[in-house]
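Q: For reference, the sequence and a predicted model appear below.
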Amino acid sequence: MRSKLLQMLIDHQGDFVSGEAISQFLGCSRTAVWKHIEELRKAGYKLEAAPRKGYRIIHQPNLVTENEIKAGLSTTYIGKTVVYEKSVPSTQGIAHRLASEGAKEGTLVVADEQVSGKGRLGRPWLSQIGTGIWMSLILKPKIPPQRAPQLTLLAAVAVIRGIHEYTNIQCDIKWPNDILLNGKKLVGILTEMQADPDQIHSVIIGIGINVNQNNFPEEISDIATSLKIEKGEEINRAGLLQSIMVQFEQLYELFLKDGFSQVKLMWEAYATTIGRRITARTISGSLEGYASGITDEGVLLLEDDFGKVHKIYSADIEF
């Protein structure tokens, strides 16, 4: 109910909404309306109240709680169920537990801080409190397990499109799962699966986005950036997250209906890796050559100087 009230006030941004109109819209008493208004104030909203006029929003805090995310979210099911925590070891761990307990497809786990966030190959991911979007999305696609890596690439396209739609900032993809802005890392994506050999139970997509950081520790300051650093202004995290969820649902439905081909074309259009000379550092050694494309499974194709094409399943890529 509080998210509906919040959305009503946001829809009338700058204008007063009468207590009677709110009461009728929510189907509750004027006293209940006042209590909800007070709860919004406690959450950091500045609300003006005027006799015979009602209420209006003066200031919105930059939050990613359930109310903020669901207020105005126009998806059908992606992000419609939100589990928010102030601080967690990792949103991935919570999402895995919820998925095993039967959580709905599209359930979104969001935290203001991760104290043990992880990226690809188990590397730590810095998740400063109140600055970014740290989330995990639960999917339950009816596809063979070998197709699950395609969802990592789909997620990258959805994030890029969502960022561009909301901020007009254009990012690039570095294979397999990094999103770069002006050559620096902005987003990390981690896909994990709960499955039997022949059946997927759930796919957990973890996404970390540097949104409003002003700076980074010295050891990563030359390779990491945030939307605020690049745009020069603070970004509303809930609004950005909503934009990404809308893009994700559209692409996911396309993927389930028509397969990976169209999503692959979009991914390749955003990829900086394709067509460039690279060094792929794998656990078994390094390979140099040109990145000629990706397979339908998202495997990178590298053509060496002798014309041999190698399939790269996991590697660190250097230009």
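A: Looks like it arrived, so ask away. Source: prediction; values computed, not measured.
Q: Surely residue 201 touches residue 194?
A: Yes. Here residue 201 reaches residue 194: they are 4.4 Å apart, a contact under Cβ atoms under 8 Å. The C-beta positions use only the backbone N, C-alpha and C, and glycine is treated the same way.
Q: between these two, who's got more neighbours?
A: Per other Cβ atoms under 10 Å, whichever of residue 201 and residue 194 has more neighbours is residue 194, with 15 against 12.
Q: Any chance of the backbone angles for that one?
A: The phi/psi pair for residue 194 (degrees, to the nearest 10) reads phi -110, psi 120.
Q: Could you number the chain from 263 rather than 1 from now on?
A: Sure, I'll start counting at 263 from here, so that last one is residue 456.
Q: residues touching it, list them.
A: Listed by Cβ atoms under 8 Å, 6 or more residues apart in numbering, the contact partners of residue 456 are 358, 361, 362, 462, 463, 464, 465, 466.
Q: Residue 473 too?
A: Contacts of residue 473 by Cβ under 8 Å, 6+ apart are 393, 394, 395, 488, 489, 490, 497, 499, 502.
Q: Format the CA atom coordinates belonging to the helix or strand harbouring residue 573 as CSV.
A: Assigned by DSSP states H and E, residue 573 belongs to strand 571-574. In CSV, the C-alpha atoms belonging to strand 571-574 read as follows (Å, rounded to 0.1, in the frame of the first residue of the first chain):
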residue,chain,number,x,y,z
VAL,A,571,40.3,-20.5,-34.3
HIS,A,572,40.3,-21.2,-30.5
LYS,A,573,37.2,-21.4,-28.3
ILE,A,574,37.7,-19.4,-25.1
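Q: Show me what it pairs with in its sheet, parallel or antiparallel.
A: For strand 571-574, the paired strands and their directions (DSSP bridges) read strand 562-565 (antiparallel).
Q: which residues do residue 463 and residue 456 both contact?
A: In contact with both residue 463 and residue 456: 361, 362, using Cβ under 8 Å, 6+ apart.
Q: okay, residue 388: pLDDT?
A: pLDDT recorded at residue 388 is 64.
Q: For residue 429, give me its contacts.
A: Contacts of residue 429 by Cβ under 8 Å, 6+ apart are 489, 493, 497, 502.
Q: Which of the residues you listed fall within strands?
A: Among those, no member is found in strands (DSSP state E).
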